[in-house]
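Engineer: Curious how this folds, go ahead:
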Amino acid sequence: MHKIITIGSWALIILLFLQPGTAHKGAVEGMQIFTTALLPYLLPYLVITQMFIRSQNNFLHTSNKFKLYLNVYILSAIGGFPSGAAVISSLKEMGTLNERNASWLLGICHAPSPMFVIGFVGIEIFHAEFAGLKLLIIIHLVNLLFLLVFIIFSNPIQRNEYQKTKAVSPFQESIKETSQILLLIGTTVIFFTTVSIIVFESVKEVLPSISPLLLVFVASFFEMTGGISLAGDILSGEAILPFIVAVVVAFSGISIHMQIIVLAQKAGIPIRRYIFFRILHVLIIPLFYIF
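Structural biologist: Residues are numbered from 1 along each chain as shown. As a prediction, the model looks like this:
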C-alpha cells in the first residue's frame, strides 16, 4: 500500500511540474465548487446539527434502538454526505454511539443531499426533476432496507463508557467543530478536483481517441460533481446517461470517500463496513434505477 501511495505521489508531482497551468485551473475550479456549491449549504446545516446533537435533545438520547438509529438516518439524509458522517462521528465521540454501531451506521447512512440530486442531477443533467427524485428515492429505499435489517439483528444499545458532559456552550463548540469539518471538506474537494483535471487532461493528450465514456469515469473517479457535469455534456440525449450518472452517484468519488474516512478515523470508527456498503451501492442502485 505504501509503495502504491509513493508511486502515485511521484506521478502526481511530475504531472504538476509538467502541467502547472492545468493544476492552477483545477485548483480554481475546486475552489469554485467548494465556495459556491458546497459551503453555502453545508455551513448552516453543519452548525445547526452540531448544536442539535450537543443540546442533549431526546431526539438522539434514547434507549430505543429503532428510534435512535432512524433519527440518526434522518439527520444524515437531510444533510447528505459528508454531513451524515460528521453527525455519526460526533455522536461516537460524545458516547451516544459505540464503535460497532457507528461503523454500521457510517456505511448505511450514506446518501447525497436532496438538493444536489433533485436540483443538480435531476434538473441540470436530466432536465427532469422527477428523474432526480426517482434516483434519490431508490438510494434511500435501499439504505432503509439495510437499516431495518441492521436494527432487527443488532444488540440493544451499548454506549461508550466515556461520555462527554453536557456542552457549556453548544454554539461555541458547534462553530469549532464545523470549522474543522469544513476545512477538511474544502481541502479534499480542491485537491481531488485538481488531481481529476490533471489526470483527465493527461489522458486526453496521451490517448486522444479514448472513448468519451472512459473520460467520464476518469473524471468521476476522483470528484463526483465534475464527473456528472462531464457526463451531462458528453452523453447528453444518450440513453445510457441515466445509468452512468447513477453509477457515479452510487460510487460518490474518492474525494467524498476521503472526507468520510478522515472523519471516521478521527472518531475511531472502523471503515470496513463503509467500504462494503459502497460496493453494494455501485452494484445495486444503478440496476434499480434503470428498471
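Engineer: which residue sits farthest out from the middle of this structure?
Structural biologist: Ser209 (32.0 Å; Cα atoms, centre = their mean).
Engineer: That one and Val203: what is the separation?
Structural biologist: 11 Å (Cβ to Cβ, to the nearest Å). (Glycine included, C-beta is placed from N, CA and C.)
Engineer: what's the overlap in contacts for those two?
Structural biologist: Counting by Cβ atoms under 8 Å, 6 or more residues apart in numbering, no residue touches both Ser209 and Val203.
Engineer: SS state for the residue farthest from the centre of the chain?
Structural biologist: For Ser209, the assignment made with DSSP: H, G, I helix; E, B strand; the rest coil gives coil.
Engineer: List the contacts of it.
Structural biologist: With contact set as Cβ under 8 Å, 6+ apart, Ser209 has no partners.
Engineer: quick one: contacts for Tyr73?
Structural biologist: Tyr73 touches 105, 108-109, 143-144, 147, counting by Cβ under 8 Å, 6+ apart.
Engineer: The same query, at a cut-off of 10 Å, please.
Structural biologist: Contacts for Tyr73 (Cβ atoms under 10 Å, 6 or more residues apart in numbering) come out as 84, 87-88, 105, 108-109, 111, 140, 143-144, 146-147, 151.
Engineer: Helix, strand, or coil at Pro112?
Structural biologist: Pro112 ends up coil, using three-state DSSP.
Engineer: and it, how far is that from Glu177?
Structural biologist: 22 Å.
Engineer: out of these two, which sits in the more crowded spot?
Structural biologist: Pro112 (24 against 21; other Cβ atoms under 10 Å).
Engineer: rewinding a little: among the contacts of Tyr73, who's most crowded?
Structural biologist: Ile88 (32 neighbours).
Engineer: Go ahead and confirm that one touches Gly79.
Structural biologist: No - at 11.1 Å, Ile88 does not count as touching Gly79 under the criterion of Cβ atoms under 10 Å.
Engineer: re earlier: next, the residue farthest from the centre of the chain: phi, psi?
Structural biologist: phi -100, psi 20 (degrees, to the nearest 10).
Engineer: Likewise for Asn155?
Structural biologist: phi -70, psi 160.
Engineer: So what's the residue count around it?
Structural biologist: 9.
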